[in-house]
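Asks: next come a sequence and a model predicted from it.
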There are 4 protein chains.
Amino acid sequence: MAIRSDIAWSTADRIVVRGRDLPREILGRMNLGDMAFLGLTGRVPNENQSTLFNALVVTLVEHGITPSALAARLTYLGAPEAMQAAVAAGLCGLGSVFVGSTEGVAKLLTENITKSAAQIVAEHKRLPGLGHPLHKDVDPRTVRLFEIGRETGFYGKFCTLMEAIGQERKLVVNATGAIGALSCELGLDWKAVRGLGVMARAVGLVGHILEESRQPMAQEVWERMEAEASAHLKPKT
Amino acid sequence: MAIRSDIAWSTADRIVVRGRDLPREILGRMNLGDMAFLGLTGRVPNENQSTLFNALVVTLVEHGITPSALAARLTYLGAPEAMQAAVAAGLCGLGSVFVGSTEGVAKLLTENITKSAAQIVAEHKRLPGLGHPLHKDVDPRTVRLFEIGRETGFYGKFCTLMEAIGQERKLVVNATGAIGALSCELGLDWKAVRGLGVMARAVGLVGHILEESRQPMAQEVWERMEAEASAHLKPKT
Amino acid sequence: MAIRSDIAWSTADRIVVRGRDLPREILGRMNLGDMAFLGLTGRVPNENQSTLFNALVVTLVEHGITPSALAARLTYLGAPEAMQAAVAAGLCGLGSVFVGSTEGVAKLLTENITKSAAQIVAEHKRLPGLGHPLHKDVDPRTVRLFEIGRETGFYGKFCTLMEAIGQERKLVVNATGAIGALSCELGLDWKAVRGLGVMARAVGLVGHILEESRQPMAQEVWERMEAEASAHLKPKT
Amino acid sequence: MAIRSDIAWSTADRIVVRGRDLPREILGRMNLGDMAFLGLTGRVPNENQSTLFNALVVTLVEHGITPSALAARLTYLGAPEAMQAAVAAGLCGLGSVFVGSTEGVAKLLTENITKSAAQIVAEHKRLPGLGHPLHKDVDPRTVRLFEIGRETGFYGKFCTLMEAIGQERKLVVNATGAIGALSCELGLDWKAVRGLGVMARAVGLVGHILEESRQPMAQEVWERMEAEASAHLKPKT
């Protein structure tokens, strides 16, 4: 079997990515989100696609002190010479519990787009993209993302269905629900949707590592947790 | 000691990142590169900063079938249910050999900005950011990045010094040299510069995983390499 | 909620792991496999348990040039200063496709121990632990592992059932089938069984990194694969 | 250049690792530490080597709630389906700050074995393997490890030199100092010594993941830290 990739090639005087000349057609013209869109679809986004896609990934960049950010900071404490490994450690936890729900929404909507919300709710005990422990009445990101969806002409049947599912279940559509639905509107493969969270979080984690290098918390987290965790085992003095 | 981070906070109706309201001030207004700039500097980039910074990270997104992309694809082969771990594996190798040279350039220029190119060359046996195995006469990315630097008003003393160092050593300034110099012009901490490569490559690796899921090469790479590596050990039949 | 761990504690003059004094009760008395058994069960293994458990993990240490070993070597090429990250990258791929089958066997046998082989085969389209692309007639590791199981008095109902399943399906019980069954005989939680492969492979990967540092292959793998993958894209000269 | 590895090969009826028949010569005869020794040296350890080498790695398996264990647990919280990625995240931080000191000791002793302790102390501002925040007067692991070194006939010039360096600097030789010195006595390449900590910690981390699955702390660590870290940013209510 042949080894084959269509992503990029270069010669002494040319560097071509996804069929576009990197220096002349990409640099200075496309932003980082556009480049990600190109990587996931093979197409340069138009202005509306660029605005919407960038909004989706930007939403996922930062959530403050998450388990992922803590893992990255604790890793950096032991290996400050290898910040790439700290970011990698932070990404390793973006699995089924957190970032997976965006993927779950995109998969659900892709596979059930011909059904009614009532039918989907009846068929699934657990539905991704609904509810939020903090944003109970409304998730302000969802409101804004669907608004951007309308402004860019991408609010369509997947968004409508997602909102109907939320109403049927009487739960707020959270940000991952909105992102999953809008990813479908953009025509993204649901298998690529987890990737939005992974790339976005990598961007955010670099910022966390930089803050940790200036204003550290990992040593303190470690010492407190170690002391508390083993307190019941140590001899009383 | 207190645990403290200034990155983000949220309440039932608000989500604030780096002091900006995420839904109202960020989503739909800032692209992914701008969000990264905000994370590294705490400031929203103006138009020129946005153009230049996005160009720097976009340059680093994709280099085709690199060791990093191969590691990610081989990891995905064994754990397709955990694509975040495949991206993480690909990031782990962004150390001193490849992405580290961008950091090295930024550190060198930051620490030696008052010296002449001749003096810097005399003091260092090995200098990062110079030469390229393929782009021997000129690195087309460097030409374009310095051009964008001039167009955005950021081509300054760091770029001048880097180009003088290249002339002094009679070696082409490669893309990492240009990115390191322009990062200094943007006022980025040299400690954050490796992070540009890390976040950019995360974006690129998601694209590689998606291609691997559709047009796989990892199994073939494995089988060929295994057969060749152990051929001298196996009994002749 | 309290933060609590029963694993270890130390004071100025004592270090205690799982209730045993590390210097006096563990060092010089327990080998690395015994220590792993202690970590997974909270008990010091007796001689038979030690022999069998060590055999199970030792089987999983080394399989030559696997996708996991290649990922580790390719990572080391870029970050030789961070060998821990190279081992981490190699571990990231030990998911559902390879190491997961040991876990699958242990889960299957644990949950179906009261059923007959015929019933289990009838209820499952795909069964883990059966068949091998190379060892088609017999997997020599399985033969030896079940022999050690008998010698140590642990060959019991889980092994019998696994062998019956193999006969029913007319497929050889492979090494992961034997390891999964013998893990059940040792009373290990099936959730811990994937961990046997993860710890074993970490041991093996350190050996691969050391060989790579002396007799490298990663650069060559990269260059060949890159050249072949993009050959169809490059202009014919 | 040829792709070549001397580690392992297999045919339909044979599996050979480092020149030994895995089922017949290794399984049931060698423990996990012996297998690691074989991987690092190419030699099957004799009884004394086995006892000493196993003691070195066993020492490094477990230190309770470390930054590495916390990173693994926080990762597992988000991706419980990928425990290999949680272990990988925990390994990523075994860099210069913690596990690197064992490597540093082995390198120091290897490169300076002909010098006196006084000379070595005079030439180095910072010396690895000395001092401990908790075990200030004596590190009980060091005492025991050197004792095992003597019992197995391996206490020699590297251990003597390490102890002399400790006396010269009036600091206790800690466990990493003893492990580094005894690794030299065993003839291990100093480049492999960091690997002892990496493989040992992988064993320990599997135990932490199992405890986390039964008696979790990661969610609580996250919630507490997040609340405290952003408290100064949130509006007072």
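Replies: Looks like it arrived, so ask away.
Asks: flag every residue of chain A that's near chain D.
Replies: For chain A, the residues found near chain D under the criterion Cβ under 8 Å from any Cβ of the partner chain are A:64-68, A:70-71, A:74-82, A:85-86, A:88-90, A:92-99, A:217-218, A:221-222, A:225-226, A:229-230. No exception for glycine: its C-beta is placed from N, CA and C like everyone else's.
Asks: what about chain C: which of those residues touch it?
Replies: The overlap between these and the neighbours of chain C (Cβ under 8 Å from any Cβ) comes to A:A79, A:E81, A:A82, A:A85, A:A88, A:A89, A:C92, A:M225, A:A229, A:S230.
Asks: quick one, phi psi at the residue lying closest to A:M217 once chain neighbours are set aside?
Replies: In space, A:M217 comes closest to B:I3 once its chain neighbours are excluded; the distance is 4.8 Å by Cβ to Cβ, 6 or more residues apart in numbering or on different chains. Taking degrees, to the nearest 10, you get phi -90, psi 120 for the backbone angles of B:I3.
Asks: and the gap between B:I3 and chain C?
Replies: In this structure, B:I3 and chain C are 14 Å apart, going by Cβ to the nearest Cβ, to the nearest Å.
Asks: my read is that that residue contacts D:E226, right?
Replies: No. Applying Cβ atoms under 8 Å, one finds B:I3 not in contact with D:E226, separated by 9.1 Å.
Asks: which SSE is the residue most central in space within chain A in?
Replies: Of all residues in chain A, the one closest to the mean position by Cα atoms, centre = their mean is A:G197, 1.5 Å from it. For A:G197, the host element (DSSP states H and E) is helix A:190-214.
Asks: point out the residues in chain A that sit beside chain C.
Replies: Counting by Cβ under 8 Å from any Cβ, the residues of chain A lying close to chain C are A:2-6, A:8-9, A:11, A:16, A:79, A:81-82, A:84-85, A:88-89, A:92, A:225, A:228-230, A:232-235.
Asks: tell me, how many residues neighbour A:E47?
Replies: The local packing of A:E47 (other Cβ atoms under 10 Å in any protein chain shown) involves 8 other residues.
Asks: contacts only, for A:A106.
Replies: Under the criterion of Cβ atoms under 8 Å, 6 or more residues apart in numbering or on different chains, the neighbours of A:A106 are A:G180, A:A181, A:S183, A:C184, A:L188, A:W190, A:V193.
Asks: chain neighbours aside, what residue packs nearest to A:Q167?
Replies: The spatially closest residue to A:Q167, leaving aside those adjacent along the chain, is A:A117, at 7.2 Å (Cβ to Cβ, 6+ apart).
Asks: cool, and A:L130?
Replies: When the adjacent residues along the chain are set aside, A:L130 lies closest to A:L171, with 4.0 Å between them (Cβ to Cβ, 6+ apart).
Asks: what is the neighbour count of that neighbour?
Replies: Other residues near A:L171 come to 16 when the count uses other Cβ under 10 Å.
Asks: show me where pLDDT drops low in chain A?
Replies: For chain A, the stretches flagged by pLDDT under 70 are A:237.
Asks: A:I3 and B:Q215: what is the separation?
Replies: Here the criterion is Cβ to Cβ, to the nearest Å. By it, A:I3 lies 10 Å from B:Q215.
Asks: out of the two, which sits in the more crowded spot?
Replies: For the pair A:I3 and B:Q215, the greater number of neighbours falls to A:I3 (19 against 10), based on other Cβ under 10 Å.
Asks: that one is in contact with B:M217, isn't it?
Replies: Yes. If you go by Cβ under 8 Å, A:I3 and B:M217 touch, sitting 4.8 Å apart.
Asks: need the residues touching each of the two.
Replies: C:M225, C:A229.
Asks: excluding chain neighbours, what is closest to A:K115?
Replies: Counting by Cβ to Cβ, 6+ apart, A:E123 is the residue found nearest to A:K115 once chain neighbours are left out, at 7.9 Å.
Asks: try A:G129
Replies: Distances taken as Cβ to Cβ, 6+ apart put A:G177 closest to A:G129, at 2.7 Å, once the chain neighbours are dropped.
Asks: and the helix or strand that contains A:E168, C-alpha only, in CSV?
Replies: In this structure, A:E168 is located in helix A:157-169 according to DSSP H and E. Output for helix A:157-169, consisting of C-alpha atoms alone and laid out as CSV, is shown next (Å, rounded to 0.1, in the frame of the first residue of the first chain):
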residue,chain,number,x,y,z
LYS,A,157,-32.1,22.9,10.5
PHE,A,158,-29.4,21.6,12.9
CYS,A,159,-29.7,24.6,15.1
THR,A,160,-33.5,24.5,15.0
LEU,A,161,-33.5,20.8,15.9
MET,A,162,-31.0,21.4,18.8
GLU,A,163,-33.1,24.2,20.2
ALA,A,164,-36.2,22.0,19.9
ILE,A,165,-34.5,19.2,21.7
GLY,A,166,-33.7,21.6,24.5
GLN,A,167,-37.3,22.8,24.8
GLU,A,168,-38.6,19.2,24.7
ARG,A,169,-36.2,18.2,27.5
